[in-house]
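Peer 1: sharing a sequence plus its predicted fold:
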Amino acid sequence: MKETIEKEVRLSYLERIQRTLPEEYFSVFPEKPDVEKWSSIAGIFFLGDTDVERFGGDDASEKLIDAIRGRDESAVSTYMDENPSGELLVAGILYVSHETPYSHLIPPSIVDLVKKHTTPSSLIGTIMSFWKERPSTGIVLVMKYVDLEVISLLDVVTWLLEQDSWMKKSWGWEIIQACSEKVDSPKKSEAKPSTTQENTTQDNSEKEKVEIEAEDTMQVDTAATTNGTGNSERREIYAQIVAGILSCYERQGEQDQYWLKEWFAMVVRTFSADVAGMEGTGWAGEMLTNAEEYRKRFL
């Protein structure tokens, strides 16, 4: 029930959804990040030896929060030069946007700073740690950074297989579906600057041609993405799952090992065309072999 309500919250504010349901359901409502009670961000995220100051107060880190809130890109850049902690920057962005996580826009220069100061693993880990009470929200935000080309879907799958105890939770099953859908979705690239204004001597027909060409650069052909790069990216994602599944399995307890096998069986069954021809070892190899034999019956 909690996870169902959590998905509803994606469509509206939590308080608004709460008003539509009986009080008996309030106890299972997902919690917001308790940002007001954070005494130190270092107590929430693993930032190594980084000296992290409090957000709520007169400490230096309050300058970062004020700069992000005020969209003062120069101030954010200056702060990061003096305090090069990518996790702190991402946590600050999440902190400022926690009331409107889906609609919050990140300026391109700050996206560049996130890319410069984080690794894929630290970025995904910070997001999912912040939204640990609402992991489906975390998944949406992780995919947002995929769209921003800060991380790749392969990074997401690699990070997942490095974690423990996720396979018995619904978000661990949901994330692979989100990755699959993201591969198939149309991808947009940044529009190239129109040269129409520069070529003032061109006649109208030539100007229109330039404008059309500029507009065409904004969106990649969906068919080309799906049949070319898309297929290649899908194969990389599922090859990474096959390559990393056993090492993930070996770290888990007995119950989690059971659920990881079920998760892998779901992947092999649901995405049989994507894992076709792949080979593995142990129980994973047996699942792949059996799935391949079954698939060939229908060819």
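Peer 2: Right, received. Where do you want to start? Residues are numbered from 1 along each chain as shown.

Peer 1: residue 113 contacts residue 80, doesn't it?
Peer 2: Yes: look at residue 113 against residue 80 with CB atoms under 8 Å: they come within range, at 5.4 Å. For every residue, glycine as well, the C-beta is placed using N, CA and C.

Peer 1: who touches both of the two?
Peer 2: Residues within reach of residue 113 and of residue 80 at once, by CB atoms under 8 Å, 6 or more residues apart in numbering, are residue 89.

Peer 1: so who does the closest residue to residue 155 other than its chain neighbours touch?
Peer 2: Taking CB to CB, 6 or more residues apart in numbering, and ignoring the residues beside it in sequence, residue 155 has residue 120 as its nearest neighbour in space, at 3.6 Å. Contacts were defined as CB under 8 Å, 6+ apart; by that measure residue 120 touches 151-152, 155-156, 158-159.

Peer 1: ok, so of the residues you listed, who is nearest residue 71?
Peer 2: Of all the contacts of residue 120, the one with the least separation from residue 71 (CB to CB) is residue 151, at 22.9 Å.

Peer 1: what strand or helix carries that closest one?
Peer 2: If you go by DSSP states H and E, residue 151 is not part of any helix or strand.

Peer 1: can you name the residues that contact it?
Peer 2: Residue 151 makes contacts with 120, 123-124, 142, 145, as judged by CB under 8 Å, 6+ apart.

Peer 1: can I get these in JSON lines with secondary structure and pLDDT?
Peer 2: As requested, the contacts of residue 151 are arranged in JSON lines below (DSSP: H, G, I helix; E, B strand; the rest coil; pLDDT from 0 to 100):
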{"residue": "120", "secondary structure": "helix", "pLDDT": "96"}
{"residue": "123", "secondary structure": "helix", "pLDDT": "96"}
{"residue": "124", "secondary structure": "helix", "pLDDT": "96"}
{"residue": "142", "secondary structure": "helix", "pLDDT": "96"}
{"residue": "145", "secondary structure": "helix", "pLDDT": "97"}
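
Peer 1: what subset of these is buried?
Peer 2: Buried members of the contacts of residue 151, scored by 16 or more other CB atoms under 10 Å, are 120, 123-124, 142, 145.

Peer 1: about what we covered before: how about the contacts of residue 120 in a markdown table, adding pLDDT and distance to residue 128?
Peer 2: Below are these laid out as a markdown table (pLDDT from 0 to 100; distance: CB to CB, whole Å):
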| residue | pLDDT | distance to residue 128 |
| --- | --- | --- |
| 151 | 97 | 12 |
| 152 | 96 | 17 |
| 155 | 97 | 13 |
| 156 | 97 | 10 |
| 158 | 97 | 14 |
| 159 | 97 | 9 |
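
Peer 1: show me which pair in these is furthest apart.
Peer 2: When CB to CB is used, the two most widely separated members of the contacts of residue 120 are 152 and 159, lying 10.7 Å apart.

Peer 1: neighbour count: those two, which is higher?
Peer 2: Neighbour totals were compared for residue 152 and residue 159, and residue 159 leads with 20 against 16 (other CB atoms under 10 Å).
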